[in-house]
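Novice: What follows is a predicted protein model with its sequence.
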Amino acid sequence: MRANRAYELKVSRRGGPHRVDSIEVLEIDSGEIALFWDLQPHQTGRMARALRADLAQLDATDFLAKWSRWQQG
């Protein structure tokens, strides 16, 4: 199954001088958070584009394996 059928990307941008954005990858079936990152504003767009590209190209297992290495814990 293609990753974009199993997961949904949610990007939250917050305002303020010390803003920290967040990106969540949600499991569509359960609504649970599979992956999560807090990012500086200058990192958010680049990371979201890379995640969207992989969601469209990889299958769900490969996507999760690739991006789990970079998840903040």
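Specialist: Perfect, thanks for sending it. Numbers count the residues shown, from 1 in each chain.
Novice: Going by C-alpha atoms from here, please, whenever you check contacts or count neighbours.
Specialist: Fine.
Novice: State the distance from the residue of the chain most remote from its centre to Ala50.
Specialist: The centre of the chain is farthest from one residue, Pro17, which by Cα atoms, centre = their mean lies 23.6 Å away. Taking Cα to Cα, to the nearest Å as the measure, Pro17 falls 26 Å from Ala50.
Novice: do Trp70 as well
Specialist: Here Trp70 is placed at a distance of 12 Å from Ala50 (Cα to Cα).
Novice: where's the residue farthest from the centre of the chain relative to Pro41, distance?
Specialist: Counting by Cα to Cα - Pro17 and Pro41 are separated by 11 Å.
Novice: buried stuff in whichever helix in the chain runs longest?
Specialist: Longest helix in the chain, counting residues (DSSP state H): helix 41-57. By 16 or more other Cα atoms under 10 Å, the buried positions in helix 41-57 come out as 41, 44, 48, 51, 54-55.
Novice: Which of those sits closest to Gly31?
Specialist: Within those, the smallest distance to Gly31 is 16.5 Å, found for Leu55 (Cα to Cα).
Novice: which residues sit in contact with the closest one?
Specialist: 2-4, 7, 63 (Cα atoms under 8 Å, 6 or more residues apart in numbering).
Novice: at 10 Å instead, please
Specialist: Contacts for Leu55 (Cα atoms under 10 Å, 6 or more residues apart in numbering) come out as 2-9, 25, 49, 62-64.
Novice: Using a markdown table, lay out the residues you listed together with distance to Ala34, pLDDT and secondary structure.
Specialist: Putting the contacts of Leu55 into a markdown table (distance: Cα to Cα, whole Å; pLDDT from 0 to 100; DSSP: H, G, I helix; E, B strand; the rest coil) gives the following:
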| residue | distance to Ala34 | pLDDT | secondary structure |
| --- | --- | --- | --- |
| Arg2 | 16 | 95 | strand |
| Ala3 | 12 | 98 | helix |
| Asn4 | 13 | 97 | helix |
| Arg5 | 14 | 97 | helix |
| Ala6 | 10 | 98 | helix |
| Tyr7 | 8 | 98 | strand |
| Glu8 | 10 | 98 | strand |
| Leu9 | 10 | 98 | strand |
| Val25 | 6 | 98 | strand |
| Arg49 | 18 | 98 | helix |
| Asp62 | 13 | 97 | helix |
| Phe63 | 11 | 97 | helix |
| Leu64 | 8 | 96 | helix |
